[in-house]
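Q: Coordinates only, no sequence provided:
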């Protein structure tokens, strides 16, 4: 009897984990733009050399983020 209870407990734990994952997915609102691509433009603008350095830093940051997310 104890063995059956242990088996049922393991099955229930697996079921809970699966249900938690499904609930998380259901709670995330669907955005109609999720499947679309995006173009990001980064410009130095006003500020001279410092603005150029900052724009370069932003470019590298977004480039690395896109590569990490298997983007282009």
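A: Received it, and whenever you're ready, just let me know what you need. The shown structure was predicted, so the numbers you read here are calculated from the model rather than taken from an experiment.

Q: name the element residue 61 belongs to?
A: helix 48-68 (DSSP states H and E).

Q: any idea how far that helix is from the chain center?
A: Offset of helix 48-68 from its chain centre (C-alpha atoms, centre = their mean, to the nearest Å): 20 Å.

Q: In this structure, where is pLDDT below threshold?
A: Low-confidence segments of the chain (pLDDT under 70): 71-72.

Q: so residue 62 sits right up against residue 42, yeah?
A: Yes - using C-beta atoms under 8 Å, residue 62 makes contact with residue 42 at a distance of 7.2 Å. Where C-beta positions appear, they are placed from N, C-alpha and C, glycine not excepted.

Q: what's the overlap in contacts for those two?
A: By C-beta atoms under 8 Å, 6 or more residues apart in numbering, residue 62 and residue 42 have no common neighbours.

Q: I'd like the distance between residue 20 and residue 29.
A: 18 Å (C-beta to C-beta, to the nearest Å).

Q: Tell me which of those two has more neighbours.
A: residue 20 (10 against 6; other C-beta atoms under 10 Å).

Q: gap between the helix or strand where the more buried one lies and the chain center?
A: Residue 20 is part of helix 2-27, with elements assigned from DSSP H and E. From the chain centre to the centre of helix 2-27 is a distance of 25 Å (C-alpha atoms, centre = their mean).

Q: what does stretch 26-43 give?
A: 11 Å.

Q: Just the endpoints, please. Distance across stretch 23-38?
A: 28 Å (C-alpha to C-alpha, to the nearest Å).

Q: what's that stretch in contact with?
A: Contacts of stretch 23-38 (C-beta under 8 Å, 6+ apart): none.

Q: ok so, going back, list the buried residues for the helix holding residue 20?
A: Of the residues in helix 2-27, none has enough neighbours to count as buried (16 or more other C-beta atoms under 10 Å).
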